[in-house]
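Chemist: fold the stuff below for me.
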Amino acid sequence: MTNSRVCSIPGCGKPTKTRGLCSAHYHRLQRHGDPLAGRIADGVPIEHLRAVLRDRSSEGCVIWPYGRDSDGYGQIWIDGRVHRVHRIVCEEANGAPTTPELQAAHSCGNGHLGCCNPSHLRWATPAENQADRLVHGTSYRGRRNGPSKLARTRAVLDESAVRVIRQKLADGNSCRSLANVYGVSSMTISKIGRRVLWAHVKG
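Modeler: Below is the predicted model:
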């Protein structure tokens, strides 16, 4: 049976795939959170970046409204390459990094949300940047299980649950019973007990 419904985006006219959108607009919705994303006029992101660099009056986070990478950081296409916006802003605000390994660190902890406020950025060593993430609760350790997409970084367990699991294992509870309670595998419970996983959690 031929699909007689058309995409709900005005002027599109293509047949719908799902949620009232054609395949192309649905793909944009999945990728960008907006079915009209990806149709930004040439030069608009660059002009917005220049405006961010000119205006140093904002104390709050300045969220990049255009493209983001898989970790949530703003990105922009310049001279045929994709660049992270916060690093460009950091260099404009603080000068070039003195060593290649320095990272553009956020004092607000909202880099993963796309903040590019110049007053929130400074150059930091990887260790200093990681210490900031631990303070802000945005570290890839624990809840954020590695540098993957934000939607996949939230773990089933948190530090308090890990401590309870280890205590229950010490009290004689089986890995299988605890796995059923917490909705994870028996192997995961075993690795938590042996400190293969969540090794940084003390107690």
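
Chemist: what is the subsequent helix or strand relative to the helix or strand bottoming out on mean pLDDT in the chain?
Modeler: Of all helical and strand segments in the chain, the minimum by mean pLDDT, DSSP states H and E falls on helix 23-32, at a mean of 70. Per DSSP states H and E, the first helix or strand lying C-terminal to helix 23-32 is helix 44-54.

Chemist: mean confidence (pLDDT) on that next one, please.
Modeler: Helix 44-54 shows a mean pLDDT of 88.

Chemist: next helix or strand past it?
Modeler: Immediately after helix 44-54, counting by DSSP H and E, sits strand 75-78.

Chemist: who are the packing partners of the helix or strand that comes right after that following strand?
Modeler: As assigned by DSSP H and E, the chain's next helix or strand after strand 75-78 is strand 81-84. Strand 81-84 sits against strand 75-78, with contacts defined as 3 or more C-beta pairs under 8 Å, 6 or more residues apart in numbering; DSSP states H and E. From N, CA and C alone the C-beta is placed, and that goes for glycine too.

Chemist: report the buried residues of stretch 69-78.
Modeler: D71, G72, Y73, G74, Q75, I76 (16 or more other C-beta atoms under 10 Å).

Chemist: K168 touches C175, doesn't it?
Modeler: No: between K168 and C175 there is no contact under C-beta atoms under 8 Å: 10.0 Å.

Chemist: so those two - more neighbours on which side?
Modeler: C175 (20 against 17; other C-beta atoms under 10 Å).

Chemist: which ones are touching the closest residue to A105 other than its chain neighbours?
Modeler: Once flanking residues are discounted, A105 sits nearest to A124: 3.7 Å by C-beta to C-beta, 6 or more residues apart in numbering. A124 makes contact with L102, Q103, A104, A105, D132 under the criterion C-beta atoms under 8 Å, 6 or more residues apart in numbering.

Chemist: quick one: the third one is in a strand?
Modeler: Yes: with DSSP: H, G, I helix; E, B strand; the rest coil as the criterion, A104 is part of a strand.

Chemist: list the contacts of it.
Modeler: With C-beta under 8 Å, 6+ apart, A104 has these contacts: R84, H86, R87, V89, C90, E91, G111, L121, R122, W123, A124.

Chemist: how does it look with 7 Å?
Modeler: H86, R87, C90, L121, W123 (C-beta atoms under 7 Å, 6 or more residues apart in numbering).
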